[in-house]
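Give me coordinates for this.
(one chain, ligands or ions: 1)
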Amino acid sequence: MTDGQCNARSRAAVVGAGRMGHGIALEAARGGFQVSIYDTQAGRAEAAIAEARADAADLVAAGVIHAADIPSIIGRLAPANDLESAAAGAEVVFEAVAEDLEIKRGVFARLDRAAPAAALLLSNTSSLAISDIAAACERPERVALAHWILPPHLIPAVEVAPGPQTSPATIEAVRALLERLGKWPVVLEREMPGYLINRLQFALLREAMDLVGQGVASAEEIDRAVRGSIARRMPVMGLFGQADLAGLDVYRQIFRYLAADLCRSAGPPQALDDAVRAGNTGAAVGQGFYSWSADQRDEALRRRNAELIRLLRADGGG
Ligand SMILES: NC(=O)c1ccc[n+]([C@@H]2O[C@H](COP(=O)([O-])OP(=O)(O)OC[C@H]3O[C@@H](n4cnc5c(N)ncnc54)[C@H](O)[C@@H]3O)[C@@H](O)[C@H]2O)c1
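Numbers count the residues shown, from 1 in each chain. Reported below is the predicted structural model:
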């Protein structure tokens with residue numbers, strides 16, 4: 001149980017309160033921070049607090065908090081009228097605004113002036129370079145990546161990376177902060193496109209979508225294969241642990257005849273292009289690689305979260 005580990009005056013800010021921001025705010029409040037939430041969209045910060053309250057029930061189910069903790073955790077979340085008042089007095093600012101370099105640079109330039117000099121300024125960018133974001137700041141040494149994964153309250157890993165100007169002290173402070181929040185910081189030595197988690201995820205997706213495009217197997221068949229095989233071992237073994245168990249000599253042999261045949265296309269896979277061009281952009285519109293009714297989408301999210309809760313409970317509550 002990790003409710004309320006901070007000094008009562010510890011302050012954090014979350015800027016951008018959409019899909020990611022409300023979950024990050026919940027995790028910061030669970031760690032004891034007083035969290036100011038700012039979003040340019042009127043009413044969004046208030047809505048984010050309601051979403052965080054709903055998500056807190058998942059944390060009760062996962063054994064991370066007690067139901068009786070919810071009022072004090074949610075009581076530490078407050079909407080802010082502007083970015084400057086959100087950042088004032090914050091030890092750490094989590095940025096989760098739209099994935100647009102100009103918007104993020106504008107936000108960081110203002111945070112750089114408004115937050116205390118020692119504050120950590122952390123971007124949740126999925127794809128942009130920290131160096132490009134930090135270039136908008138007078139103090140780029142305290143700017144770093146802290147990339148949370150959806151849904152942030154149920155996924156333990158948070159990817160951390162420096163830009164070329166980020167100080168080692170900043171990275172160590174981010175690592176310590178995330179550990180204090182009960183997360184698993186995954187610290188990279190340097191920035192790179194896609195950082196770590198998206199590089200791995202998209203490497204697998206490129207191959208899977210290419211196989212669909214080649215007509216080797218349907219998306220449904222490939223998902224059945226993944227869910228019934230490699231995904232079963234991954235929660236326990238990761239990649240390298242599994243390779244060691246299987247035998248590295250065997251894996252080298254497989255790479256020898258397989259590597260040259262794996263997909264190496266430089267652009268989006270054809271099957272993905274085709275789906276998007278046809279307007280089939282996924283569950284939100286009712287059609288992606290699968291057909292979705294609203295009920296099926298809700299049920300899939302419920303089952304996914306139930307499994308994430310089960311895993312978090314198995315971890316001993318994060
Ligand atoms: N959705 C995901 O699965 C996911 C996962 C990891 C990282 N990310 C990253 O997190 C960030 C946010 O993604 P999201 O999915 O939560 O987006 P979202 O669109 O749900 O939320 C973004 C929020 O930022 C607000 N906003 C835009 N400009 C702003 C500004 N200048 N100041 C304050 N608020 C502003 C918007 O009103 C919106 O509420 C992006 O950088 C994204 O790449 C997303």
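
which residue does the stretch 201-318 of the chain bring closest to the ligand?
Closest approach between the stretch 201-318 of the chain and the ligand, counting by Cβ to the nearest ligand atom: Q201, at 10.8 Å. Where you see a C-beta, it was placed from the backbone N, CA and C, and this is true even at glycine.

my hunch is that that residue is in a helix, does that hold up?
Yes - checked against DSSP: H, G, I helix; E, B strand; the rest coil, Q201 lies within a helix.

Neighbours of N124, how many?
24 (other Cβ atoms under 10 Å).

What parts of the chain come near the ligand?
Neighbours of the ligand within the chain, by Cβ under 6 Å from any ligand atom: 15-21, 38-41, 44, 96-99, 103, 107, 124-126, 147-150.

From those, keep the buried residues only.
Taking 16 or more other Cβ atoms under 10 Å as the criterion, what is buried in those is 15-18, 20-21, 38-39, 44, 96-97, 107, 124-126, 147-149.

and R9, what pLDDT?
As predicted, R9 sits at a pLDDT of 79.

residues touching the residue in the chain positioned nearest to the ligand, list them.
Residue nearest to the ligand within the chain (Cβ to the nearest ligand atom): G18, separated by 1.9 Å. By Cβ atoms under 8 Å, 6 or more residues apart in numbering, G18 lies in contact with D39, R44, A48, A96.

For those residues, name the two members farthest from one another.
R44 and A96 (11.5 Å; Cβ to Cβ).

Overlap of the contact sets of the two?
Common neighbours of R44 and A96 (Cβ under 8 Å, 6+ apart) are A17, G18.

if you look at the residues of the chain next to the ligand, which of them are in helices?
Members of those lying in helices (criterion: DSSP state H): G21, R44, I103, V107.

Looking at these, which is nearest G63?
Comparing these against G63 with Cβ to Cβ places G21 closest, at 24.9 Å.

Quick check: that closest one touching V14?
Yes - the pair G21 and V14 passes the contact test of Cβ atoms under 8 Å, sitting 5.0 Å apart.

what is in contact with the two at once?
Common neighbours of G21 and V14, counting by Cβ under 8 Å, 6+ apart, are I37, A48, F94, A96.

what's the most distant pair in these?
Farthest pair in those, by Cβ to Cβ: A48 and F94, 12.1 Å.

All good on my end, thank you.
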